[in-house]
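**Student:** Make a model of this:
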Amino acid sequence: MSDLAIDLAVIGGTGLYRFAELQDVESHQPVTHYGAPSGPIRVGLLGGRRVAFLARHGEGHSLPPHQVNYRANLAALQALGARRVLAINTVGGITERFGPRVLACPDQLIDYTWGRISTICEEPGTEVLHVDFGEPYTRSLRQAVIAAAQSAGVALVDGGCYGATQGPRLETRAEIVRMRRDGCDLVGMTGMPEAGLARELGLDYACLAIVANWAAGAGPDPDEVITLQDVLDNVAAASAGLPALLSAVLDR
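**Tutor:** Purely as a prediction, here's the structure:
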């Protein structure tokens with residue numbers, strides 16, 4: 001299946017379950033050593049380049065963050081020929097630069113998740129890997145995304161620290177205070193173990209974070225109640241420039 005020669009794989013997060021701009025779409029759902037991915041992988045053309053798209057939570061948002069089979073998702077994309085993965089994550093903003101509808105390309109992360117299978121070294125007899133993870137996102141892919149945003153005229157914040165929490169509940173105000181103190185700018189539920197697994201599998205990996213709301217107590221109105229509709233509206237608005245940005249990434 002690797003003869004598909006996929007130029008870029010995109011993993012969509014909450015609110016991004018399809019990639020309507022893809023043309024001549026084929027569907028694939030390879031079963032991997034780790035099981036089945038979250039759903040069908042849609043492979044099509046964007047600007048003449050082959051792109052794979054996978055909805056992380058399933059196309060009907062049926063999988064909560066802690067039940068996503070991150071290993072199978074990445075292994076399935078790799079089996080189809082993907083070598084570069086751009087993860088789109090819906091997040092909350094903690095610090096001032098990261099308000100709702102902001103797009104960001106973080107350069108660091110902190111893992112607060114627990115109980116998830118976080119390595120391909122889980123099964124007995126598998127090789128034990130100690131990958132370098134000091135720089136959790138692939139520098140060359142991050143630089144390509146940042147340069148592509150500039151050339152496409154898409155506003156993008158360069159940098160920031162993503163804090164990955166367990167979910168599916170949102171965080172308490174005290175937890176966000178702690179995360180801010182730890183150095184987190186963004187909070188989401190799916191950044192790990194995905195990034196670490198990509199490193200173990202030898203995939204280039206970067207995150208494009210869509211800020212859907214202020215984290216608990218972090219915005220100008222500390223009593224704001226977050227609704228799902230607000231999240232979806234903000235994701236839709238922030239996603240408007242994604243096709244142009246991705247086309248520019250592919251041009252590089």
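**Student:** show me what contacts the closest residue to residue 118 other than its chain neighbours?
**Tutor:** With CB to CB, 6 or more residues apart in numbering as the measure, residue 193 is the residue that lies nearest to residue 118, at 3.7 Å, once sequence neighbours are left out. For glycine as for every other residue, the C-beta is placed from the backbone atoms N, C-alpha and C. Contacts for residue 193 were tallied using CB atoms under 8 Å, 6 or more residues apart in numbering; they are 70, 111, 113, 116-119.
**Student:** any idea which helix is longest in the chain?
**Tutor:** Residue-count comparison of every helix in the chain, with assignments taken from DSSP state H, identifies helix 139-152 as the longest.
**Student:** Okay, strands next: where are they in the stretch 101-250 of the chain?
**Tutor:** With DSSP state E, counting those that start in this stretch, the ranges of strands along the stretch 101-250 of the chain come out as 103-105, 108-111, 157-158, 161-164, 186-188, 204-214.
**Student:** nearest to residue 9, of these?
**Tutor:** Checking these against residue 9 by CB to CB gives strand 204-214 as the closest, at 9.6 Å.
**Student:** And the pLDDT at residue 123?
**Tutor:** pLDDT, residue 123: 86.
**Student:** just the one 10 residues further on next, same as before
**Tutor:** Among the per-residue scores, residue 133 shows a pLDDT of 97.
**Student:** from memory it sits against residue 200, does it?
**Tutor:** No: with contacts counted by CB atoms under 8 Å, residue 133 stays clear of residue 200, the gap being 9.3 Å.
**Student:** so where is this protein shaky, pLDDT-wise?
**Tutor:** By pLDDT under 70, the low-scoring segments of the chain are 1-4.
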